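J.: here is the input, now give the coordinates:
(chains A and B, ligands or ions: 3)
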Amino acid sequence: MSTAESNSGLTPTEHAHIEMLSRHYENKRSACVEVLKYVQTRYKFVADHHLSEIANLLAMSRTELESVATYYNLIFRQQVGAHVILLCDSVSCWIMGRDKLCAHLRQHLGIEPGETTPDGAYTLLPIVCLGHCDHAPAMLLDDELHGDLDIKRLDELLPLPTEPRL
Amino acid sequence: METPLTQNIRPGQPPLGIEDYMKAGGYRAAHKALTTMSPADIINLISQSKLRGRGGAGFPTGAKWSLIPTAELPPTTHYLIANADEMEPGTFKDRFLLEGDPHQLIEAIIITAYAIQAHISYIFLRGEYHMAQRRLQQAIMEAAAKSYLGTDILHSGFNLSIHVHTSGGRYICGEETALLSALEGKRAVPRAKPPFPQISGLWGKPTIVNNVETLSNIPHIINNGANWFSNLGLGEDGGTKLYGASGHVRRPGIWELPMGTSLRDIIEIHAGGMKDGYELRAVLPGGASTSFLTPEHLDVAMNYASVEKLGSRLGTGAVIALDQKTCPVGMIRNLEHFFAQESCGWCTPCRDGLPWVEHLLTSIESGEGEEEDLEILQQHLGLLGMGRTFCAHAPGAMAPLASGLKYFRADFERHIHEKHCPWSEK
Ligand SMILES: Cc1cc2nc3c(=O)[nH]c(=O)nc-3n(C[C@H](O)[C@H](O)[C@H](O)COP(=O)(O)O)c2cc1C
Ligand code: SF4
Ligand code: FES
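T.: Ligands and ions are numbered 1, 2, ... in the order given. Here you go, the predicted model:
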């Protein structure tokens, strides 16, 4: 069952964790980015029904929370793939040839930046400077930072869906 | 040559745990500060050291701290925020410190929080810095287990807790007032100043925001004194500085060097010069929002005043090298794409102006530009300049564009006249 179709709410454990996060701040709503990100680590993205539930828990309006959620590069309001590729598109990586790598990935994965492969394996997104400029070009693959990338290295890190996966 | 900030850092290896950090002299400064110095003593010492903020603006740290109100009745909560939102393209110094020596930052926060009487501190961390997050959290746990955090720290009566806040990822969150909005769970839009955060900051309470590198200096100044710190620098500005270099240099990297080291030494000695076949055409001396310098400026001392004299800024000290095989128009287009995307959208000149600038640069780069586009770009330098926008984001975006139009005018014109990018033939 894909999470996109599931309408079930957050679990009691998740509620408890959210409660714990909101204790770090002077008021509940201030925890909203951390809470959105926590829910995202559990479900890969923030679904509409989860957004409503979080808004309730943090005593915010749904619209207010949506305005925060959509503001940030790292909060996903749509289903993403099993692995998210964040390929740096900032200046040092650009000088060191990130456009060629991006072209290769588009061909290799058959998707444009912003899209997910049809089998749900990968989502390809651009990201701003990852602070790894001395090892440009760089990318984040899920939580893992990789530098000194070239086409060969990308192919190793991103096996095609038919091949055994990471 | 002393390298206090990076002395414990062994690249590629995990950072020192608390035991080893203490064996290396760690937490001595915290002991000294909390048990033998008053908050005012510490603020005076930091003022004497002339430490200036390493977040990009170079604001004197002691002067910033002195603005925190003391002895309010009834007592008010104060906050300390370590700005670890590093996102300035080309910059990788704070990540180096966070991953390499997290206890150094924790110790710095303990001392600083005591000096400004803050009992809660947030480390505002870039969401992409996953390893830094794990290492900071580990260090905080270790420090708490040794009672360096919590209540009545070192029997001084001082209480402190530190929270790591991981951001959702927007460049503007690094601007200190936008950071406050972000921490309050709002869209990260900057705030009007005054009131300054020192008076009315997080949740309306007195708040100090300092960069990670700035804070990391504090324990060393406590241990070694203000004169020691001043003498580390080569000129007016004291201390060491983390300088970085990226682009087609032979050895891209990061080095802790005396403040005021020349740009030439950074590029030619530390970065090993340009790679074979590459020549240096220009550099951004301190990240994406600084103005280009050219090879004739290489002897500049990389301190605040000297770089400013050349019309640029020291910024973050992250040098980005432009070589002759890379199209300057393409590079500036890349930079303006970043600034347009990362505009918070609050004020019209920036929200509407930056995408327009990016659009013009894209058309020039692809050979569809016209002579008058250069005029329009030129006009934007004024429309988005200092004082025309709500925060420094848009003026920062104009720095590489203004200097680029000056130094690479002929390259812009070639794109327009030849109706294609001369670098795209390769
Ligand atoms: C658009 C913009 C982005 C900024 N990003 C950062 C940042 O990522 N990290 C940082 O320390 N300072 C950043 N600053 C500077 C902060 O506003 C602030 O001056 C700094 O954190 C103060 O610390 P310092 O006095 O220790 O330098 C940014 C400023 C602007 C205008
Ligand atoms: S200058 Fe740009 S980033 Fe700053 S407030 Fe205006 S729109 Fe936002
Ligand atoms: S520009 Fe890509 S990591 Fe810094």
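J.: stretch A:66-76 near ligand 2 at all?
T.: No. Residues of stretch A:66-76 are not located near ligand 2 by Cβ under 6 Å from any ligand atom, the shortest gap being 11.7 Å. Bear in mind the C-beta positions are built from the backbone N, C-alpha and C, glycine included.
J.: separation between the residue of chain A found nearest chain B and B:Glu372?
T.: Ranked by Cβ to the nearest Cβ, the top residue of chain A for proximity to chain B is A:Tyr72, at 2.9 Å. From A:Tyr72 over to B:Glu372 the distance is 37 Å, taken as Cβ to Cβ, to the nearest Å.
J.: who's more crowded, these two?
T.: A:Tyr72 (20 against 10; other Cβ atoms under 10 Å in any protein chain shown).
J.: so that one sits in a strand?
T.: No. A:Tyr72 sits outside any strand when classified using DSSP: H, G, I helix; E, B strand; the rest coil, being coil.
J.: list the contacts of it.
T.: Listed by Cβ atoms under 8 Å, 6 or more residues apart in numbering or on different chains, the contact set of A:Tyr72 reads A:33, B:127, B:167-170.
J.: residue ranges of the helices in chain A, please?
T.: Under the criterion DSSP state H, chain A carries helices at the ranges A:12-22, A:32-43, A:48-57, A:62-69, A:91-95, A:98-109, A:151-157.
J.: tell me which of these is the most buried.
T.: Ranked by mean neighbour count under mean count of other Cβ atoms under 10 Å in any protein chain shown, the helices of chain A are led by helix A:91-95, which reaches a mean of 28.
J.: export whichever strand or helix holds B:Ile221 as CSV, just CAs?
T.: Using DSSP states H and E, B:Ile221 falls within helix B:218-224. C-alpha atoms of helix B:218-224 as CSV (Å, rounded to 0.1, in the frame of the first residue of the first chain):
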residue,chain,number,x,y,z
ILE,B,218,35.4,32.5,22.1
PRO,B,219,37.0,29.7,24.2
HIS,B,220,40.4,30.5,22.7
ILE,B,221,40.1,34.2,23.6
ILE,B,222,39.1,33.3,27.1
ASN,B,223,42.1,31.0,27.5
ASN,B,224,44.8,33.1,25.8
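J.: buried residues in it?
T.: Neighbour counts over helix B:218-224 (16 or more other Cβ atoms under 10 Å in any protein chain shown) mark B:218-222, B:224 as buried.
J.: and what of stretch B:404-418?
T.: Neighbour counts over stretch B:404-418 (16+ other Cβ under 10 Å) mark B:404-405, B:407-408, B:411-412, B:414-416 as buried.
J.: just checking, which of those belong to helices?
T.: B:404-405, B:407, B:411-412, B:414-416.
J.: run a quick neighbour tally on the residue in chain A that ligand 2 sits nearest to.
T.: Residue nearest to ligand 2 within chain A: A:Tyr71 (11.7 Å; Cβ to the nearest ligand atom). Look at A:Tyr71: counted by other Cβ under 10 Å, it has 21 neighbours.
J.: for it, what are its contacts?
T.: B:168, B:170, B:187-188.
J.: need the contact list for residue 138.
T.: Because you didn't say which chain, this covers chain A. A:88, A:93, A:130, A:132, A:145-147, A:149.
J.: the chain in question should be chain B.
T.: B:Pro102.
J.: flag every buried residue along the helix or strand harbouring it.
T.: Taking DSSP H and E as the definition, one finds B:Gln138 inside helix B:130-145. By 16+ other Cβ under 10 Å, the buried positions in helix B:130-145 come out as B:130, B:132-133, B:135-136, B:138-140, B:142-143.
J.: give the next helix or strand downstream of it.
T.: Next along from helix B:130-145, by DSSP H and E: strand B:150-153.
J.: who are the packing partners of the next helix or strand after the helix holding B:Ile221?
T.: Using DSSP H and E, the helix or strand that follows helix B:218-224 in sequence is helix B:226-232. Helices and strands touching helix B:226-232, as assessed by 3 or more Cβ pairs under 8 Å, 6 or more residues apart in numbering or on different chains; DSSP states H and E, comprise helix B:39-49, helix B:218-224.
J.: dump these into a markdown table; add distance to A:Gly97 as well.
T.: What follows is the helices and strands packed on helix B:226-232, written out as a markdown table (distance: least, Cβ to Cβ, whole Å):
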| stretch | distance to A:Gly97 |
| --- | --- |
| helix B:39-49 | 43 |
| helix B:218-224 | 39 |
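J.: in a markdown table: those helices, plus distance to B:Pro285 and mean pLDDT.
T.: Output for those, formatted as a markdown table (distance: least, Cβ to Cβ, whole Å; pLDDT from 0 to 100):
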| stretch | distance to B:Pro285 | mean pLDDT |
| --- | --- | --- |
| helix B:39-49 | 24 | 97 |
| helix B:218-224 | 25 | 98 |
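J.: just give the nearest non-adjacent residue to B:Pro39, would you?
T.: B:Ala115 (4.8 Å; Cβ to Cβ, 6 or more residues apart in numbering or on different chains).
J.: any idea of the mean pLDDT for whichever strand or helix holds that neighbour?
T.: Element membership for B:Ala115, per DSSP H and E: helix B:102-116. For helix B:102-116, the mean pLDDT works out to 98.
J.: in the stretch 251-400 of chain B, what spans have low per-residue confidence?
T.: Regions of the stretch 251-400 of chain B meeting the criterion pLDDT under 70 are absent.
J.: now do the contacts for the closest residue to chain A within it.
T.: As assessed by Cβ to the nearest Cβ, chain A sits closest to B:Pro252 within the stretch 251-400 of chain B, at 3.9 Å. B:Pro252 sits next to A:133-136, B:244-246, B:271 when contact means Cβ under 8 Å, 6+ apart.
J.: what's the answer for B:Ile111, then?
T.: So B:Ile111 contacts B:29-30, B:33-34, B:42, B:218-219, B:222 (Cβ under 8 Å, 6+ apart).
J.: I'd like the distance from the helix holding B:Gln138 to the chain centre, please.
T.: Taking the mean of its C-alpha atoms, helix B:130-145 sits 22 Å from the chain's own mean (Cα atoms, centre = their mean, to the nearest Å).
J.: could you do stretch B:214-223 as well?
T.: Counting by Cα atoms, centre = their mean, stretch B:214-223 comes out at 17 Å from the chain centroid.
J.: ok so, going back, just the ones of the contacts of B:Pro252 in strands?
T.: B:244-246 (DSSP state E).
J.: pLDDT on the longest strand seen in chain B, on average?
T.: With secondary structure taken from DSSP E, chain B has its longest strand at strand B:158-166. What strand B:158-166 shows for mean pLDDT is 97.
J.: any part of it near ligand 1?
T.: No. Shown here: strand B:158-166 not in contact with ligand 1 (Cβ under 6 Å from any ligand atom), separated by at least 13.6 Å.
J.: check contacts around the most centrally placed residue in chain A.
T.: Among the residues of chain A, the one closest to the centroid is A:Leu74, at 5.3 Å (Cα atoms, centre = their mean). A:Leu74 is in contact with A:37, B:127-128, B:167-169, counting by Cβ under 8 Å, 6+ apart.
J.: for it, give its distance to B:Cys173.
T.: The value you get for A:Leu74 to B:Cys173, if Cβ to Cβ is used, is 11 Å.
J.: what sits in contact with each of those two?
T.: B:Ser167.
J.: confirm B:Val283 sits in a strand?
T.: Yes. B:Val283: assigned to a strand according to three-state DSSP.
J.: much appreciated, bye for now.
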